[in-house]
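Chemist: okay, predicted coordinates and the sequence, questions at the end:
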Amino acid sequence: LKNQKDEKSKEHWGASTKTKVRGTIVSLSIYAQKELKAIPDNGDTEFQNVKIPNEDEKAAVEIYTPAEFKKQLYGAVKYDIELIPGLIAGGMFGLRPYEFHAEGLKRDGLKWEAFNWNDKILHFKGQKIRTKGTRDIAIQAAAEKWLAPFDCLSGVIWKNKKVYDYRMKILREKIEREDLENGVPADKAGVKSIRDGLRHS
């Protein structure tokens, strides 16, 4: 269980995946022992003795390096300019992806009206933590420059709720393909997907 990785992301299984897989194997081993008599009935099976994974076993939080973040921003300029505000929302304001695009939620995603350009404040409502429903986030100079081409817009920033993750996936694929075409070694090409990677970075 400790060494298993997701086939697509190549990341180690999280505690919840390990727990589910362990539960399935334990169920099969008990069936094999009690019903099929394929395992000697000497009490608990060896599978039942495997320690239940817990949240403490989670790997260290992964982040994007500045170079990886830059690669995504410039990739968005080239391939999908509508992704720039989402990249900035996560990478420079620390918003979770769903806080930006609101996919699966009953409320709208982040609106351009939340930006107070004069005071350089993003007034964000709807934070995950219940005790802090709103927060004001300073708009740093770099974020302001990246968002300057959009500051005349109004309304919801990301209108296509259900395709944000898909378009980020396509963007990463295009970045990887371009890297490979430019001779970047395969193990260094592209930018991997990291859950909440922009926020953590």
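Modeler: Cool, got the structure. Numbers count the residues shown, from 1 in each chain.
Chemist: which residues of the protein score low on pLDDT?
Modeler: Across the chain, the ranges flagged by pLDDT under 70 are 55-60, 126-133, 161.
Chemist: where exactly do the strands run in it?
Modeler: Along the chain, counting by DSSP state E, strands occupy 115-116, 121-125, 134-138.
Chemist: buried deepest among those, which one?
Modeler: Among the strands of the chain, the stretch with the highest mean neighbour count (mean count of other C-beta atoms under 10 Å) is strand 115-116, at a mean of 18. (C-beta placed from N, C-alpha, C; glycine too.)
Chemist: for that one, packing partners?
Modeler: When contacts are defined as 3 or more C-beta pairs under 8 Å, 6 or more residues apart in numbering; DSSP states H and E, strand 115-116 sits against strand 121-125.
Chemist: burial check on G14, number of neighbours?
Modeler: Burial of G14 is recorded as 15 neighbouring residues (other C-beta atoms under 10 Å).
Chemist: i'd like the first residue to be 14 from this point on
Modeler: Done: numbering now begins at 14, and the last item shifts to G27.
Chemist: gap between it and L108?
Modeler: Distance, G27 to L108, using C-beta to C-beta, to the nearest Å: 22 Å.
Chemist: check S42 too.
Modeler: The spacing between S42 and L108, counted by C-beta to C-beta, is 44 Å.
Chemist: tell me the contacts of L211?
Modeler: Contact analysis of L211 by C-beta atoms under 8 Å, 6 or more residues apart in numbering lists Y77, F82, L100, A102, G103, G104, P110.
Chemist: ok, so of those, who is nearest K201?
Modeler: Distance to K201 across the contacts of L211 (C-beta to C-beta) is lowest for Y77, with 14.0 Å.
Chemist: tell me the contacts of that closest one?
Modeler: Y77 is in contact with Q85, G104, V204, I207, G210, L211, S214, counting by C-beta under 8 Å, 6+ apart.
Chemist: mind putting the contacts of L211 into TSV with distance to N16?
Modeler: Listed next are the contacts of L211 as TSV, based on distance: C-beta to C-beta, whole Å:
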residue	distance to N16
Y77	25
F82	29
L100	33
A102	35
G103	30
G104	31
P110	29
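Chemist: just the residues you listed: which are in helices?
Modeler: Within those, residues falling in helices by DSSP state H are F82, L100, A102, G103, G104, P110.
Chemist: among those residues, who's most crowded?
Modeler: Among those, the one with the most neighbours (other C-beta under 10 Å) is A102, at 27 neighbours.
Chemist: re the thing from before, got the strands of the chain as TSV, with distance to K50 columns?
Modeler: TSV is the format used below for the strands of the chain (distance: least, C-beta to C-beta, whole Å):
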stretch	distance to K50
strand 128-129	68
strand 134-138	61
strand 147-151	60
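Chemist: give the buried residues for the longest helix along the chain.
Modeler: When the chain is parsed with DSSP H, its longest helix is helix 28-47. Neighbour-count burial for helix 28-47, counted by 16 or more other C-beta atoms under 10 Å, picks out A28, K31, R35, V39, S42, Q46.
Chemist: fine by me, we can end here.
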